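J.: Generate coordinates for the sequence data below:
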Amino acid sequence: MSLGKLYLVPNKLGESKTYNFPEHQYTLIKNTKYFIFENEKPGRAFIKEISPEKNQSELNISVLNKHTIEKEIKNFLNPCLSGNDIALISDAGCPGIADPGSEIVRLAHENKIKVIPLVGPSSILLALMGSGMNGQNFKFNGYLPIEKNERKKKIKILENKSLITTQIFMETPYRNNKFLSTLLVTLRPETKLCIACDLTLSSEYIKTKEVKIWKSTKVDIHKRPTIFLIQSN
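T.: Numbers count the residues shown, from 1 in each chain. Next up is the predicted model:
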């Protein structure tokens with residue numbers, strides 16, 4: 001029996017009414033019974049939007065996130081071992097990029113299951129593309145420390161590294177404004193800071209300015225998914 005394939009299916013980045021899914025995604029979702037979601041509710045909403053005629057009661061769903069027990073993950077690819085395809089779908093953006101999907105992809109390679117990544121939006125790459133910063137040498141750092149002094153220390157370390165490597169990071173959306181204030185008092189005045197939020201949405205905002213200019217700029221990014229990038233002069 002031939003093995004099924006693991007498809008990595010990107011999700012849109014927010015409640016956009018204008019985003020169009022590629023045609024091959026419609027076909028894939030229509031013909032697939034097995035799914036791995038980051039969370040079930042947004043995963044089901046994705047399926048309903050992209051293939052409304054699909055019977056939700058017939059979906060075979062596994063959930064992969066920080067709460068998933070490790071011994072359960074090993075069974076998620078059993079459908080592939082039986083010849084069925086599986087679609088791995090994140091809550092937003094690309095599976096395996098800043099989400100737990102990479103663990104399933106690793107297991108797929110170990111089991112000689114073909115992995116097929118599909119084209120779709122990645123907030124990290126879109127932010128880098130729109131920032132005007134070094135796209136030849138960059139690093140995504142995820143979330144920075146929560147403790148105030150540790151956070152400032154980490155920001156200064158990343159700022160020094162950003163002279164040759166664009167540094168990219170993010171924050172929980174409801175803490176964005178407070179985090180931005182910390183950046184503005186910690187970074188050097190000439191350091192370039194890019195704020196990229198609501199990417200691909202009608203409210204999309206991407207601006208790159210020196211920190212000293214940001215200090216006199218009013219921007220409200222509260223509860224808006226945002227990527228921050230810095231590059232030192």
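
J.: Now do the lowest-mean-pLDDT helix or strand in the chain: which elements does it pack against?
T.: Every helix and strand of the chain was ranked by mean pLDDT, DSSP states H and E. The lowest is helix 23-31, at a mean of 79. Applying 3 or more C-beta pairs under 8 Å, 6 or more residues apart in numbering; DSSP states H and E, one finds that helix 23-31 contacts strand 6-9, helix 40-50. Yep, even glycine has a C-beta here, placed from its N, CA and C like the rest.

J.: Just send those back as TSV, with distance to Leu201 and mean pLDDT too.
T.: Output for those, formatted as TSV (distance: least, C-beta to C-beta, whole Å; pLDDT from 0 to 100):
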stretch	distance to Leu201	mean pLDDT
strand 6-9	20	94
helix 40-50	15	89
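
J.: how about stretch 69-76: buried residues?
T.: Buried residues in stretch 69-76, counted by 16 or more other C-beta atoms under 10 Å: Ile73, Phe76.

J.: gap between the two ends of that stretch?
T.: Taking C-alpha to C-alpha, to the nearest Å, stretch 69-76 runs 11 Å from one end to the other.

J.: Quickly list what the residue nearest to the spatial centre of the chain is bridged to.
T.: For the chain, Gly93 is the residue whose C-alpha lies nearest the centre (C-alpha atoms, centre = their mean; 4.6 Å). Taking DSSP bridges as the rule, Gly93 bridges to Asn11.

J.: Pretty sure it sits against Ser122.
T.: Yes: between Gly93 and Ser122 there is a contact at 5.3 Å, judged by C-beta atoms under 8 Å.

J.: and for those two, which residues touch both?
T.: Listed contacts common to Gly93 and Ser122 are Pro10; contacts here mean C-beta atoms under 8 Å, 6 or more residues apart in numbering.

J.: Tell me which of the helices and strands packed on helix 23-31 sits nearest to Asn160.
T.: Asn160 lies closest to strand 6-9 among those, at 34.6 Å (C-beta to C-beta).

J.: Restricting to C-alpha, output the closest one in CSV.
T.: Taking C-alpha atoms only, strand 6-9 is exported to CSV below (Å, rounded to 0.1, in the frame of the first residue of the first chain):
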residue,chain,number,x,y,z
LEU,A,6,1.0,15.3,4.4
TYR,A,7,-0.2,18.7,3.0
LEU,A,8,0.8,21.9,4.8
VAL,A,9,-2.1,24.2,4.1
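
J.: elements contacting it?
T.: Secondary-structure packing of strand 6-9 (3+ C-beta pairs under 8 Å, 6+ apart): helix 23-31, strand 86-89, helix 102-110, strand 115-117.

J.: After the helix ranked longest in the chain, which helix or strand is next?
T.: Longest among the helix segments of the chain by residue count, using DSSP state H, is helix 148-161. As assigned by DSSP states H and E, the chain's next helix or strand after helix 148-161 is strand 166-170.

J.: what stretches of the chain score poorly on pLDDT?
T.: Scanning the chain for pLDDT under 70 picks out 1, 16-19.

J.: Can you tell me how far the closest residue in space to Glu204 that isn't next to it in sequence is from Val105?
T.: With sequence-adjacent residues excluded and distances taken as C-beta to C-beta, 6 or more residues apart in numbering, Glu204 is closest to Asp198, at 5.0 Å. Separation of Asp198 from Val105 (C-beta to C-beta, to the nearest Å): 28 Å.

J.: can you check Ile69 too?
T.: 19 Å.

J.: List the residues that contact Leu88.
T.: By C-beta under 8 Å, 6+ apart, the contact list for Leu88 reads Leu6, Tyr7, Leu8, Val9, Phe35, Ile36, Leu64, Pro95, Gly96, Gly101, Ile104, Val105.
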